[in-house]
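Enquirer: Just a sequence and a predicted model for now, questions to come.
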Amino acid sequence: MVPDGRLESHRVSLRTNTARLGGPPKKGEDAVSIEDGERRVEEGVRTDFRSRMDYGAYLDLDKLLDSQHPVSTPVHPDELLFIIQHQTTELWFKLVLHELESVRTYLQAHDVSRARKALARVKHIFRTLAEQWSVLATLTPSEYAEFRGFLGSASGFQSYQYRSVEFILGNKNAGMLPVFAAKPEQQERLRQLLDSPTVYDAFLRFLVAHGHDVPTDILERDVTQAWTQQAGLIPVFQRIYENPNAHWAEYAMCEDLVDLEDAFQFWRFRHLRTVQRTIGYKRGTGGSSGVDFLKRALDLTFFPELYSVRTEIGG
Ligand code: HEM
């Protein structure tokens with residue numbers, strides 16, 4: 001053993017390579033390969049973690065893996081799936097929010113390359129999340145019905161991170177704040193997001209800095225309000241889309257935002273379809289009408305003008 005806790009590795013030898021070239025190594029040979037179906041732990045691999053950080057410590061896995069607490073009694077075997085599907089989504093939402101805050105900051109600093117890179121990450125997260133619904137879809141209505149009653153009024157509707165993502169993208173709704181009254185820190189953070197410009201607000205200012213004529217009333221809008229379609233923006237985007245080469249950075253950003261909205265809406269759609277196949281038209285545990293309520297979210301939009309401008313392109 002060398003002082004830093006690694007196994008000595010100097011014995012990985014020429015013999016190893018010769019053995020490899022000449023066919024599978026013989027038993028007892030010093031080869032880094034599979035022997036008897038077992039992969040040998042290479043010399044040099046660290047094995048002593050009494051005084052150094054290991055994987056579990058770095059990731060705080062004890063806490064993470066001790067955070068699944070089924071409430072059904074007796075514990076229903078499928079409740080773990082239900083919990084983990086929610087928790088993994090919340091972890092990804094955490095990163096989505098983090099990245100979207102960066103996008104806003106980069107746009108405010110007119111750093112479009114970094115904004116686009118962070119947006120690409122968010123898009124891929126939503127793609128992963130949309131794909132993940134198929135795991136939950138293996139939960140049949142009968143199985144879910146057996147433990148749904150134990151959930152009380154807990155519902156994704158009370159997801160603070162989901163609401164934060166909606167807010168930073170422009171689906172502001174002060175009516176959501178009371179849901180978080182029991183969690184003052186979360187409520188305060190949501191209020192801050194409600195009072196702050198959205199990613200789209202930052203993008204419009206970026207456009208102004210690049211010589212685009214965004215109407216002042218749009219730039220000075222009350223940012224606590226939900227975004228609604230602004231006819232005055234269509235000519236701005238039309239100019240960009242009709243001459244992409246002259247406005248490449250803005251054009252590429254517009255398309256990234258459309259990708260993002262598509263990806264987000266696809267998540268909402270897959271959620272709706274999973275809900276529909278699992279509980280049909282029952283009311284939600286959060287108290288809403290269920291599928292009908294979720295359907296209405298599909299009419300919400302973040303960047304409506306980026307869709308409307310498409311009607312105008314090409315005459
Ligand atoms: C079989 C599984 C699921 C069912 C039956 C279900 C059902 C529902 C229903 C009925 C609502 C409407 C609010 C209510 O009255 O409760 C809702 C909202 C919501 N759920 Fe789920 N859900 C499921 C899985 C998930 C998962 C895995 C997530 C991931 C975090 C999630 C996140 C959300 C969010 C964020 C909302 C709020 C949507 C909005 O306000 O438009 N749901 N869910």
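Expert: Great, that's in hand.
Enquirer: Write out the residues of the stretch 51-200 of the chain neighbouring the ligand.
Expert: Contact residues (CB under 6 Å from any ligand atom) of the stretch 51-200 of the chain with the ligand: 85-86, 89-90, 136, 139, 144, 155-157, 159, 162. Glycine gets a C-beta too; all of them are placed from N, C-alpha and C.
Enquirer: Distance check, S134 against F157.
Expert: As for S134, its distance to F157 is 23 Å (criterion: CB to CB, to the nearest Å).
Enquirer: Who has more neighbours out of the two?
Expert: F157 (17 against 10; other CB atoms under 10 Å).
Enquirer: can you tell me which residues contact the more buried one?
Expert: By CB atoms under 8 Å, 6 or more residues apart in numbering, the contact set of F157 is 179, 284, 286, 288.
Enquirer: And the pLDDT for it?
Expert: Among the per-residue scores, F157 shows a pLDDT of 98.
Enquirer: how far away is it from G286?
Expert: In terms of CB to CB, F157 sits 4 Å off from G286.
Enquirer: same question, N243
Expert: 47 Å.
Enquirer: the more surrounded of those two?
Expert: Ranked by neighbour count (other CB under 10 Å), N243 and G286 place G286 first, with 15 against 11.
Enquirer: Next, the contact list for that one, please.
Expert: 153-158.
Enquirer: Most widely separated two among those residues?
Expert: The two members of those with the most space between them (CB to CB) are S153 and G156, at 11.8 Å.
Enquirer: after the helix or strand of the chain with the lowest mean pLDDT, next one along is what?
Expert: Ranking every helix and strand in the chain by mean pLDDT, DSSP states H and E puts helix 14-21 at the bottom, with a mean of 44. Later in the chain than helix 14-21, the nearest helix or strand by DSSP states H and E is strand 34-35.
Enquirer: Please report the distance of the nearest residue to R310 once chain neighbours are set aside from T301.
Expert: Distances taken as CB to CB, 6 or more residues apart in numbering place Y241 nearest to R310, at 8.0 Å, with adjacent residues excluded. Y241 sits 18 Å away from T301, going by CB to CB.
Enquirer: pretty sure K295 is touching H271, no?
Expert: No - between K295 and H271 there is no contact under CB atoms under 8 Å: 10.9 Å.
Enquirer: For these two, work out which one has more neighbours and name it.
Expert: A direct count of neighbours by other CB under 10 Å for K295 and H271 places H271 higher, at 18 against 15.
Enquirer: could you say what helices and strands the host helix or strand of that one packs with?
Expert: According to DSSP H and E, H271 maps onto helix 248-279. Judged by 3 or more CB pairs under 8 Å, 6 or more residues apart in numbering; DSSP states H and E, the packing partners of helix 248-279 are helix 112-136, helix 141-148, helix 160-169, helix 199-209, helix 234-242, helix 291-297, helix 304-312.
Enquirer: Quick one: mean pLDDT over the shortest one.
Expert: Helix 291-297 shows a mean pLDDT of 98 in the predicted model.
Enquirer: now swap in the first one and tell me
Expert: Averaged across helix 112-136, pLDDT comes to 97.
Enquirer: can you give me the angle that helix makes with helix 160-169?
Expert: Here helix 112-136 runs at an angle of 140 degrees relative to helix 160-169 (axes from the mean of the first three to the mean of the last three CA atoms, to 10 degrees).
Enquirer: can you check the last one too?
Expert: With the same axes, to 10 degrees applied, the angle from helix 304-312 to helix 160-169 works out at 50 degrees.
Enquirer: Check which helices and strands helix 304-312 is in contact with.
Expert: So helix 304-312, by 3+ CB pairs under 8 Å, 6+ apart, packs with helix 234-242, helix 248-279.
Enquirer: Show me which residues of the stretch 201-315 of the chain are close to the ligand?
Expert: Counting by CB under 6 Å from any ligand atom, the residues of the stretch 201-315 of the chain close to the ligand are 271, 274-275, 278-279, 284-288, 290, 293-294, 297.
Enquirer: Now for the closest residue to G280 other than its chain neighbours: which residues touch it?
Expert: Once flanking residues are discounted, G280 sits nearest to P141: 7.1 Å by CB to CB, 6+ apart. P141 makes contact with 277-280 under the criterion CB under 8 Å, 6+ apart.
Enquirer: if I've got this straight, E99 is in a helix?
Expert: Yes - according to DSSP: H, G, I helix; E, B strand; the rest coil, E99 belongs to a helix.
Enquirer: any idea how far it is from A57?
Expert: 26 Å.
Enquirer: So for these two, which residue has more residues nearby?
Expert: Per other CB under 10 Å, whichever of E99 and A57 has more neighbours is E99, with 19 against 11.
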